[in-house]
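A.B. asks: sequence? don't have it. structure:
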Ligand code: F0G
């Protein structure tokens, strides 16, 4: 699909916006759904939790076209795949990559095969892959097994792999760091985010460094990543054979960008830490109720992580002694509606009352 400039002006997308920093040329066919330019939201309640006059911002990636940050990388990966004459895409996924790949493949008019761990994909994400018309294969295994299968299938020439092992994905995702700097006027002091396959922490760090090299910023943030306690290979420094967490998006035991993530953490003088499922659910609920931002559980790992940095002596990174007026950005990676399952149970408490003011007043407790 080749778009004209006037069409693209309706919704520019990250490639048009950051063209000079991306490996595209005038002949690259741009496959875009108007991704990126997501809100960087100042959060007064979160800032109060941190104290010391610090300012906390949430980068809400859930408002991308398919509801997650993956769209930034997918517009690049699919555009470059089309440039090279691809006929079909393939990916392994915990849900969001497959939703995004399926959408961008549909947009490009090519087929998409997704390999998923059976029974482990959040309802909304699986629904998206079906809606966008992907071919879906569920395997008896976890994400790491699915990625192994995809790597093997990708060795032939039938498929282009659009997981983050494809460098075009990382190139697209680094635009999120550019946006943060463009809004704040400089890099923040700290950047917190969830870590699964470790592509995103790699991409942000690349983006921050690149912008600094181009003198668009004068400093670099400390990158602080959070894994779910039951799926924390980087934190424990060993492969986890059977990763477990209700944050299914980051249920990964052998991340593809493990080395790059370690480099980002070391070079930025950041840290990797863990948060429990209970902390993740509490943070998800807290952010919805105190800041009006509804995110999926994996994304809440960043917020749970922020709380841990503030409150716990055991945190790998303690915020108790950070300089006053530090600026902290937390990336929340996916929309809450994608994964309704943990909240559905609570909705069952809703019982109808008669349709009159008297009964409604009684139900309210007036
Ligand atoms: N948050 C969400 C909502 C995700 O879907 C993912 C990864 C991450 C965080 C972690 O990002 O892998 O770059 O470290 N989801 C992938 C997928 C694995 O298949 O959708 P990462």
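C.D. replies: It's in. Keep in mind that what you see is a predicted model, and the values were worked out from it rather than measured.
A.B. asks: OK, contacts around the nearest residue to residue 28 once chain neighbours are set aside?
C.D. replies: Excluding its sequence neighbours, the residue lying closest to residue 28 (C-beta to C-beta, 6 or more residues apart in numbering) is residue 83, at 4.8 Å. Glycine gets a C-beta too; all of them are placed from N, C-alpha and C. Listed by C-beta atoms under 8 Å, 6 or more residues apart in numbering, the contact set of residue 83 reads 27, 28, 29.
A.B. asks: Using the three-state scheme, assign the second one.
C.D. replies: Using DSSP: H, G, I helix; E, B strand; the rest coil, the three-state assignment for residue 28 comes out as coil.
A.B. asks: Repeat that for the one 3 residues further on.
C.D. replies: Look at residue 31: counting by three-state DSSP, its state is coil.
A.B. asks: List the backbone torsions phi and psi for it.
C.D. replies: phi -100, psi 110 (degrees, to the nearest 10).
A.B. asks: OK, contacts around it?
C.D. replies: 1, 75, 78, 79, 82, 104, 107, 108.
A.B. asks: Look up how far the ligand lies from it.
C.D. replies: Distance, residue 31 to the ligand, using C-beta to the nearest ligand atom, to the nearest Å: 19 Å.
A.B. asks: Relative to residue 72, how far out is that residue?
C.D. replies: Plainly put, residue 31 is 13 Å away from residue 72 if you go by C-beta to C-beta, to the nearest Å.
A.B. asks: can you list the residues of the protein near the ligand?
C.D. replies: 68, 70, 93-97, 164, 194-200, 249-250, 296, 298-299, 333-334 (C-beta under 6 Å from any ligand atom).
A.B. asks: so which pair among the contacts of residue 31 is furthest apart in space?
C.D. replies: For these, the farthest-apart pair by C-beta to C-beta is 1 and 75; their separation is 11.8 Å.
A.B. asks: Just want to know which of these two has more residues nearby.
C.D. replies: residue 75 (31 against 13; other C-beta atoms under 10 Å).
A.B. asks: so that one touches residue 34, yeah?
C.D. replies: No. Residue 75 is not in contact with residue 34 according to C-beta atoms under 8 Å; the separation is 9.2 Å.
A.B. asks: hmm, back to that, from the contacts of residue 31, which land in helices?
C.D. replies: Judged by DSSP state H, those include 75, 78, 79, 82, 104, 107, 108 as members of helices.
A.B. asks: and which of those residues is nearest residue 304?
C.D. replies: Nearest to residue 304 among these is residue 75, at 29.5 Å by C-beta to C-beta.
A.B. asks: Could you tell me which residues make contact with that closest one?
C.D. replies: Here residue 75 is in contact with 13, 14, 15, 30, 31, 32, 33, 35, 104, 172 (criterion: C-beta under 8 Å, 6+ apart).
A.B. asks: Cool, thanks, talk later.
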